[in-house]
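**Q** Following is a predicted model, sequence given first.
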4 protein chains.
Amino acid sequence: MTRGKDVGSTARGNAPSPTDGRELRHQGKRTMAKLMDAGMRVLAERGYHAARVDDVVRLAKVSHGTFYLYFSNKEDLFGSLAMECADEMTELASLLAPVSAHDDGIDELRRWLAEFVATYRKYGVVIRAWMEDQVTSRELARLGKRTFNAITHSLEGRLRELHGDDHDTQASAAAMLAMVERTTYFVTSRGLPFDDAEMVDTLAKLIHRGFFVPDAA
Amino acid sequence: MTRGKDVGSTARGNAPSPTDGRELRHQGKRTMAKLMDAGMRVLAERGYHAARVDDVVRLAKVSHGTFYLYFSNKEDLFGSLAMECADEMTELASLLAPVSAHDDGIDELRRWLAEFVATYRKYGVVIRAWMEDQVTSRELARLGKRTFNAITHSLEGRLRELHGDDHDTQASAAAMLAMVERTTYFVTSRGLPFDDAEMVDTLAKLIHRGFFVPDAA
Amino acid sequence: MTRGKDVGSTARGNAPSPTDGRELRHQGKRTMAKLMDAGMRVLAERGYHAARVDDVVRLAKVSHGTFYLYFSNKEDLFGSLAMECADEMTELASLLAPVSAHDDGIDELRRWLAEFVATYRKYGVVIRAWMEDQVTSRELARLGKRTFNAITHSLEGRLRELHGDDHDTQASAAAMLAMVERTTYFVTSRGLPFDDAEMVDTLAKLIHRGFFVPDAA
Amino acid sequence: MTRGKDVGSTARGNAPSPTDGRELRHQGKRTMAKLMDAGMRVLAERGYHAARVDDVVRLAKVSHGTFYLYFSNKEDLFGSLAMECADEMTELASLLAPVSAHDDGIDELRRWLAEFVATYRKYGVVIRAWMEDQVTSRELARLGKRTFNAITHSLEGRLRELHGDDHDTQASAAAMLAMVERTTYFVTSRGLPFDDAEMVDTLAKLIHRGFFVPDAA
DNA sequence: CATGAATGAGTGTTCATTCAT
DNA sequence: AATGAATGAACACTCATTCAT
């Protein structure tokens, strides 16, 4: 994925982005990337609301003024990060193959969850900001909703392949995503004593049994 | 539960609370209660970080000065709320009876989840602040961790009754709580098209099958 | 005239004024007056656009924070000054008695012009800001327009008493006001070598002859 | 008039102009002209204080760097515009022929006023900046004063031809100019419902009767 | 001759907290 | 016990000007 904002001022608040109408040269792109990296790090360290422009520019080693050469405001930066994230997450949604009720279904889940965790390690802060409704901007919230819908739909599809419509697939998918996201969050952010593999394995099994095995009846 | 801070300055930051060591008269208690109610409401409306002391005092119809007569600072107020919450949550933890692998296990889960949702409706903001690591204060975070451990331990106990130690009960309990909390959050906070009963029912079934039914194998 | 904002947030931009819903005590009123005085002085010294909140608070010897306890922003302060000014100016408009074509018409003009100059000495900066379209706020500009219309209408009335509608009374009134305002501005602000009396006298005569004497024809 | 700065750093602040002492080639002159045109337009649209270098360079389609290749700073640009304006205005001053007390005096006034209005349409912003003391630079203010003196002297001369020194010709001339300038400003800048011809006609008559007709006595 | 990039001092505004009455 | 008033550090954002290429 190319880093950078390839869209206009949509989905990032109303102030047009300073870079909207102009081409960036080498150095410009580098600075922009530095700022986005710094933004991600600051977001991770201090959280969405406590993130200060000052922290970002200090980390990126550019001046205050420079920041506003690339982003119209704080929200614009976070919006750009969110759009990167949305792209990867949406692609992730499409990567879940059908999950069989047999044990190889667990393998597929394991594979996908591993991808999810990797993405989460990269964009966790953004995902959290969405999951936790910390985003105030209309556009940004909308983008988050769209992104999550993509994943939920994908999960629903897999559920429906097995159960048809007799289960409440929508609620199940939501609950499944909730569990996956939070657990990932706990394991990646807090010092929970599981490693990624362990967590992925446990989750895969739980999900498989809870959601993808037909009722014993 | 008696409203009010019955403990010293532990678990609420370092500044001693203005009310530590003095008895409150009738009016004092009333004012304190007004402030805590207002605090809860503001927390719910604006979220942890956006909550302003100004909002609280305006809602409670007291002056800024009065606020600091009862709480040493903003965090102290939230700490007090957190302690109320911790009490109820800890009690909640003890309320989960053994969950059988048969269908009446679902009933017990349903009952307990209904309690959980009720508590969440009341203290959701505080619980979220814990779950989402919005709490900066050491003490407050510790309190949250203790509270969640209480619940997790309770869940682990029920799991162990069924599976012994062959499953990863700790990870399972964490995942279960994660799922329950987030789903409740989504349903109570966002406009998800499920009512409480529906959600509780779906969750109860999912949890039962996923966590409390022994492997078919 | 009582100093202070006796109206709601109309005519001063959209942010509601911090004092809108509360009664000010003695000290509060004093501070507000200090701020308005300082505002006037800063406006006079530096002009509308160059006026800094910092200058105002330094002159008023209050902190930055205090400023925003009384005015929602810079514009709000200037808006308050403008409303004071608008009141006095509108009253001034009503004070011009009929101007006869004989020499005693000059006396009436002289009297009124003296009042005008006095008001100008007090509110010149505000009046200038209006005359010179320095005001960006919709509401403030509207207020200015209304105020000037009051004066122009008054002048038109006097003209029409003499000439009926055969002259272009509207344009004449506008030209007359233009002349009076600018001349007053030059004399009060720059070091022109006329004193008030001299200027008033000359203006009265010029206006009388130019506008209030019927065509010799 | 040749566009360009034909003088040294006098009258434009102290920083020497980047183009002082070097000859401009064809392209250089073109860029400079583009900048001055843009400067004029920006000045007209946003006013003296709100005029941003950024607006100018964007309109002129050159880079920020280029701007400082031709002007030592913002003020230097405006200074250059002011000097163009001063030239035209000074010439305008010399164009007022004697004004007779008879009706053909009105014709001469009408002619001259039409010229004035034309000049104002072109350089109004600069003239306003002078009239309204928006100019902070010593030199620029001095230039304005000189320019206005030229016109005032011309007017005084015409007045003295008729009245000798018995009237206060100096104050009269100042008042006359004040009236003319402001009225022109109002008509050209605001949406007053007069066209140029109408205004010129009214002004000519007013001025003639007010200033150039001897006392009826 | 021209440009895109970078700078940093300056400015308006917010808000938790303290103070005098 | 309560209040209105005051504070000042912190923060987002602007813009004239300089610099490296």
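**A** Thanks, I have the structure now. Residues are numbered from 1 along each chain as shown, chains lettered A, B, ... in the order given.

**Q** Any residues of chain A in contact with DNA strand F? List them.
**A** Applying Cβ under 7 Å from any atom of the strand, we find that chain A lies next to DNA strand F at A:51-54, A:64-65, A:67-68, A:72-75. Where C-beta positions appear, they are placed from N, C-alpha and C, glycine not excepted.

**Q** out of those residues, who has the most neighbours?
**A** residue A:67 (23 neighbours; other Cβ atoms under 10 Å in any protein chain shown).

**Q** Just give the number of residues close to whichever residue of chain A sits closest to chain D.
**A** Nearest residue of chain A to chain D: residue A:21, at 10.0 Å (Cβ to the nearest Cβ). Residue A:21 is flanked by 8 other residues according to other Cβ under 10 Å.

**Q** Let me know the secondary structure of it.
**A** Secondary structure assignment for residue A:21 (DSSP: H, G, I helix; E, B strand; the rest coil): coil.

**Q** for it, phi and psi?
**A** Here the main-chain torsion angles of residue A:21 (degrees, to the nearest 10) amount to phi -100, psi 10.

**Q** Do you have the helices of chain A handy? List them.
**A** Assignment of helices within chain A using DSSP state H yields the ranges A:26-50, A:53-60, A:64-70, A:74-93, A:103-131, A:138-163, A:169-189, A:196-207.

**Q** can those helices go into a markdown table with extra columns for mean pLDDT and distance to residue C:45?
**A** Converted to a markdown table, the helices of chain A look like this (pLDDT from 0 to 100; distance: least, Cβ to Cβ, whole Å):
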| stretch | mean pLDDT | distance to residue C:45 |
| --- | --- | --- |
| helix A:26-50 | 93 | 40 |
| helix A:53-60 | 96 | 33 |
| helix A:64-70 | 96 | 29 |
| helix A:74-93 | 94 | 35 |
| helix A:103-131 | 94 | 47 |
| helix A:138-163 | 92 | 43 |
| helix A:169-189 | 89 | 55 |
| helix A:196-207 | 91 | 66 |
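
**Q** Output the ones you listed in TSV, with distance to residue B:111 appended to each entry.
**A** Formatted as TSV, the helices of chain A follow (distance: least, Cβ to Cβ, whole Å):
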stretch	distance to residue B:111
helix A:26-50	36
helix A:53-60	47
helix A:64-70	54
helix A:74-93	35
helix A:103-131	28
helix A:138-163	26
helix A:169-189	19
helix A:196-207	22
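
**Q** Quick check, pLDDT for the residue of chain A closest to chain D.
**A** Looking at residue A:21, its pLDDT is 77.

**Q** hang on, the earlier thing: quick one: closest of the helices of chain A to residue C:136.
**A** Proximity to residue C:136 (Cβ to Cβ) singles out helix A:64-70 among the helices of chain A, at 22.0 Å.

**Q** is the closest one up against DNA strand E anywhere?
**A** Yes: Helix A:64-70 is in contact with DNA strand E by Cβ under 7 Å from any atom of the strand, via A:64-66, A:68-69.

**Q** ok, those residues vs residue A:28, which is closest?
**A** Taking Cβ to Cβ as the measure, residue A:69 is the one of the residues of helix A:64-70 next to DNA strand E closest to residue A:28, at 8.4 Å.

**Q** contacting residues around the closest one?
**A** Residue A:69 sits next to A:18, A:31 when contact means Cβ atoms under 8 Å, 6 or more residues apart in numbering or on different chains.

**Q** ok, now how distant is it from residue A:63?
**A** Separation of residue A:69 from residue A:63 (Cβ to Cβ, to the nearest Å) stands at 9 Å.

**Q** Check the spacing between the nearest residue to residue A:121 once chain neighbours are set aside and residue A:116 real quick.
**A** Nearest non-adjacent residue to residue A:121, counting by Cβ to Cβ, 6 or more residues apart in numbering or on different chains: residue A:188, 5.9 Å away. Distance, residue A:188 to residue A:116, using Cβ to Cβ: 11 Å.

**Q** More neighbours: those two, which one.
**A** Using other Cβ under 10 Å, the more surrounded residue of residue A:188 and residue A:116 is residue A:116, with 23 against 14.

**Q** looking at it, the more buried one is touching residue A:91, isn't it?
**A** No: counting by Cβ atoms under 8 Å, residue A:116 does not reach residue A:91; the two are 11.7 Å apart.

**Q** sorry, back to before: out of the helices of chain A, the one nearest residue B:39 is which?
**A** Closest approach to residue B:39 among the helices of chain A is made by helix A:26-50 (18.0 Å; Cβ to Cβ).

**Q** coming back round to it: pretty sure the residue nearest to residue A:121 sits against residue A:118.
**A** No: using Cβ under 8 Å, residue A:188 is not in contact with residue A:118, being 10.3 Å away.

**Q** got any residues that touch both of those two?
**A** What both residue A:188 and residue A:118 touch, as defined by Cβ under 8 Å, 6+ apart, is an empty set.

**Q** Could you verify my assumption that residue A:209 touches residue B:208?
**A** No: using Cβ under 8 Å, residue A:209 is not in contact with residue B:208; the gap is 10.9 Å.

**Q** Looking at these two, which is more packed in?
**A** When residue A:209 and residue B:208 are compared for neighbours, residue B:208 comes out ahead with 22 against 17, by other Cβ under 10 Å.

**Q** OK, contacts around the nearest residue to the more buried one once chain neighbours are set aside?
**A** Distances taken as Cβ to Cβ, 6+ apart place residue B:106 nearest to residue B:208, at 4.7 Å, with adjacent residues excluded. Shown in contact with residue B:106 (Cβ under 8 Å, 6+ apart): B:204-205, B:208.

**Q** likewise residue A:117?
**A** Counting by Cβ under 8 Å, 6+ apart, residue A:117 makes contact with A:184, A:188, A:196, A:199-200.

**Q** swap in residue A:200?
**A** Shown in contact with residue A:200 (Cβ under 8 Å, 6+ apart): A:110, A:113-114, A:117.

**Q** Which among these count as buried?
**A** Buried members of the contacts of residue A:200, counted by 16 or more other Cβ atoms under 10 Å in any protein chain shown: A:110, A:113-114, A:117.

**Q** ok, now how distant is residue A:125 from chain C?
**A** Per Cβ to the nearest Cβ, to the nearest Å, residue A:125 is found 32 Å from chain C.

**Q** residue contacts, that residue?
**A** Counting by Cβ under 8 Å, 6+ apart, residue A:125 touches A:40, A:43-44, A:47-48.

**Q** Point me to the residue of chain A nearest DNA strand E.
**A** In chain A, the residue that lies nearest DNA strand E is residue A:65 (1.6 Å; Cβ to the nearest atom of the strand).

**Q** Which positions in chain A make contact with DNA strand E?
**A** Applying Cβ under 7 Å from any atom of the strand, we find that chain A lies next to DNA strand E at A:22, A:24-25, A:27-28, A:30-31, A:62-66, A:68-69.

**Q** Would you show me how to pick out the buried ones of those residues in PyMOL?
**A** Selecting the buried subset of the residues of chain A next to DNA strand E in PyMOL, with 16+ other Cβ under 10 Å as the burial test, is done by:
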select buried, chain A and resi 31+62+66
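
**Q** and the two most separated of the residues of chain A next to DNA strand E?
**A** The span of the residues of chain A next to DNA strand E, defined through Cβ to Cβ, is set by A:25 and A:64 at 21.4 Å.

**Q** check contacts around the residue most central in space within chain A.
**A** Of all residues in chain A, the one closest to the mean position by Cα atoms, centre = their mean is residue A:127, 3.9 Å from it. Counting by Cβ under 8 Å, 6+ apart, residue A:127 makes contact with A:85, A:89, A:120, A:181.

**Q** Nice, that's everything, thank you.
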